[in-house]
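*Asks:* what would the 3D arrangement of this be:
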Amino acid sequence: MLPAVATSIAGQNSPGSSLTRPNTAGSLPSGNKVADTRLTTKTVESPYCGSARAASSECSHASIEADYPGRRTAAAGGTLAGPPNPVAILLPPFEAVPSPRMKIGPHVLPNALLVAPMAGVTDRPFRQLCRRLGAGYALSEMVTSRRDLQQSRKTSRRTDHRGEPGPVAVQIVGVDPSEMADAARHNIDRGAEIIDINMGCPAKKVCSAWAGSALMRNEPLALAIVEAVVAACAPHGVPVTLKMRTGWSERERNALQLARAAESAGVAALTIHGRTREQGYKGAAEYDTVAAVKAAVSIPVVANGDIDSPHKARAVLRRTGADALMIGRAAQGRPWIFREIAHYLATGDEAPAPATAEVAQWLHEHLLDHYALYGEDSGVRSARKHIGCAVRALPGGEAFRAVMNTLTDADAQLRALLGFFDELASRHPRLPRQDAANDAQALQCA
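*Replies:* Below is the predicted model:
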């Protein structure tokens, strides 16, 4: 039995009280002052911001100013002040809570809930959003090791870490040990503090070049890459992690052998997705392999695959004994899943759904960051998948998505989004519960 967990409840503000732990309950304090919501995206508290438009004109700009001084717009009003001081209480003991902190090399993570790398999804704006909503760590989209592509616009965007909280982690993919070592050094020079090796991507265009999960079929090459990357990172004090699947196919499950070899080569942590490459994202993830790897190595092991709810998170931790959980597709359109899981693991109670206006605020902030990274033309097109994932399971979401996909400028996209959530908030002050989008279609949200 673990000791009692200290937390706090938003809305019970008392002068002189201390913030023992950010609230994950999503309770709704009264009032909608900017001062009450300034640090919404810096903690996991859940203030009430009124309508969706009020959220966009006040709450989002306040939190953006907290993260990016100077980006406050004229639409923001009110006076910025300090955060409220929730009252600390003690919750009863609760079993099956993961270690509150996880260490990767010299880096101590704030919690053991990690964002999985997803090509075309986990860019800097999305990683920052997940971090603000409870994730303790986020990996970049995979970055090619090819030297001729390192200066391309696509790779440059994927390695843009401006304003990103540490530790900055970059995942690299490739098949040549020397190129992979150079890619590690290149990304360290650009700010990477952790380098992750991709041996888990099942995409045909990656595996056809014998990269990603295809490396699991060539253990000598896989180990040579690990050794080369570890050697390149060691002089900089940068730890190396490895993400892989259980194997190439049901008959070729070799994650256990590769995990032992990787640990011997100096890898600091392992992530195991509970499917084979042959499965892709079909079928169900299995966790016996994850548990076997955890029992066989002494470095941290992260469980990944089909973790789409607080209950599933707790079950996977119990089944595998893993040190942390990595969540990918279930966070698309629902990045607050990290705070929901954190709350459940700490208390045994499900957090209430976030306020609908609060979700509008988060999406508005995300889109502003997204446009800033990609520019308006590209940003509007690529934002459609994020908006689509957020609304697809909501009342009227499919019809709105069809209209939204025809819009071609940022102002129209933002107005449509806020209008949709204004109407939704008038009928549902709290966001209607969504089914977790943890299936193959989750990657087709736009």
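
*Asks:* number of residues surrounding residue 326?
*Replies:* 24 (other C-beta atoms under 10 Å). The way it works is simple: take the backbone N, C-alpha and C, and place the C-beta from them, glycine included.

*Asks:* backbone dihedrals for it, please?
*Replies:* phi -120, psi 130 (degrees, to the nearest 10).

*Asks:* need the pLDDT of it.
*Replies:* Residue 326 carries a pLDDT score of 97 in this model.

*Asks:* tell me which residues touch it, please.
*Replies:* For residue 326, the contacting residues are 114-116, 243, 271, 302-304, 307, by C-beta atoms under 8 Å, 6 or more residues apart in numbering.

*Asks:* let's see which of the residues you listed end up in strands.
*Replies:* If you go by DSSP state E, the contacts of residue 326 have 114-115, 243, 271, 302-304 in strands.

*Asks:* sorry, back to before: quick check, nearest of the contacts of residue 326 to residue 344?
*Replies:* Distance to residue 344 across the contacts of residue 326 (C-beta to C-beta) is lowest for residue 307, with 12.1 Å.

*Asks:* I'd say that closest one and residue 327 touch.
*Replies:* Yes: using C-beta atoms under 8 Å, residue 307 is in contact with residue 327, at 5.2 Å.

*Asks:* tell me how many other residues crowd residue 117.
*Replies:* Residue 117, neighbours per other C-beta under 10 Å, totals 27.

*Asks:* quick check: the residue nearest to it when sequence neighbours are not counted vs residue 248, distance?
*Replies:* Leaving aside its chain neighbours, residue 117 sits nearest to residue 139 (4.1 Å; criterion: C-beta to C-beta, 6 or more residues apart in numbering). The gap separating residue 139 from residue 248 is 22 Å, by C-beta to C-beta, to the nearest Å.

*Asks:* when these two are compared, which one has more neighbours?
*Replies:* Ranked by neighbour count (other C-beta under 10 Å), residue 139 and residue 248 place residue 139 first, with 24 against 20.

*Asks:* is that one within a helix or a strand, and which one?
*Replies:* Secondary structure from DSSP states H and E places residue 139 in strand 137-144.

*Asks:* re earlier: so what sits against both of residue 307 and residue 327?
*Replies:* With C-beta under 8 Å, 6+ apart as the test, residue 307 and residue 327 both reach residue 313.

*Asks:* helix or strand: which one has residue 387?
*Replies:* Since the elements are taken from DSSP H and E, residue 387 ends up inside helix 376-391.

*Asks:* which other helices and strands contact that helix?
*Replies:* With contacts taken as 3 or more C-beta pairs under 8 Å, 6 or more residues apart in numbering; DSSP states H and E, helix 376-391 sits against helix 356-374, helix 397-404, helix 410-427.

*Asks:* tell me which of these sits most buried.
*Replies:* helix 356-374 (a mean of 23; mean count of other C-beta atoms under 10 Å).

*Asks:* that helix vs helix 410-427, what angle?
*Replies:* 170 degrees (axes from the mean of the first three to the mean of the last three C-alpha atoms, to 10 degrees).

*Asks:* low-confidence regions, this protein specifically.
*Replies:* By pLDDT under 70, the weakly predicted segments of the chain are 1-100, 147-156, 159, 202-211, 434-446.

*Asks:* run the last query once more with 50
*Replies:* For the chain, the stretches flagged by pLDDT under 50 are 1-94, 96, 98-99, 207-208, 210, 436-444, 446.

*Asks:* quick one: the strands in it, in order.
*Replies:* Going by DSSP E, the chain shows strands at 5-13, 86-91, 102-104, 107-109, 113-115, 137-144, 169-173, 194-199, 240-247, 269-276, 301-304, 324-327.

*Asks:* who are the packing partners of the fourth one?
*Replies:* Packed against strand 107-109 by the contact rule (3+ C-beta pairs under 8 Å, 6+ apart) you find strand 102-104.

*Asks:* okay if I get the ones in strands among the contacts of residue 326 as TSV plus distance to residue 368 and neighbour count?
*Replies:* Supplementary listing: the ones in strands among the contacts of residue 326 in TSV, determined by distance: C-beta to C-beta, whole Å; neighbours: other C-beta atoms under 10 Å:
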residue	distance to residue 368	neighbour count
114	25	27
115	20	25
243	30	25
271	31	28
302	31	25
303	34	31
304	30	26
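
*Asks:* what's next to the helix holding residue 387, contact-wise?
*Replies:* 120-121, 126, 332-334, 359, 363, 366-367, 370-374, 397, 400-401, 404-405, 407-410, 413, 417, 420, 437, 442, 445-446.

*Asks:* got the angle for that helix vs helix 397-404?
*Replies:* 170 degrees.

*Asks:* what comes up buried for helix 376-391?
*Replies:* 379-380, 382-391 (16 or more other C-beta atoms under 10 Å).

*Asks:* same deal with stretch 129-140?
*Replies:* Buried, per 16+ other C-beta under 10 Å, within stretch 129-140: 129-140.

*Asks:* of those residues, which pair is most distant in space?
*Replies:* Most distant of these, by C-beta to C-beta, are 134 and 140, 18.9 Å apart.

*Asks:* run through who's touching stretch 401-413.
*Replies:* Here stretch 401-413 has contacts from 367, 371, 376, 379-380, 383-384, 387-388, 391-392, 416-417, 420, 446, using C-beta under 8 Å, 6+ apart.

*Asks:* residue 216: which of the residues you listed is nearest?
*Replies:* For these, the residue nearest residue 216 by C-beta to C-beta is residue 446; the value is 30.7 Å.

*Asks:* measure residue 309 to residue 186 for me?
*Replies:* Going from residue 309 to residue 186 by C-beta to C-beta gives 38 Å.
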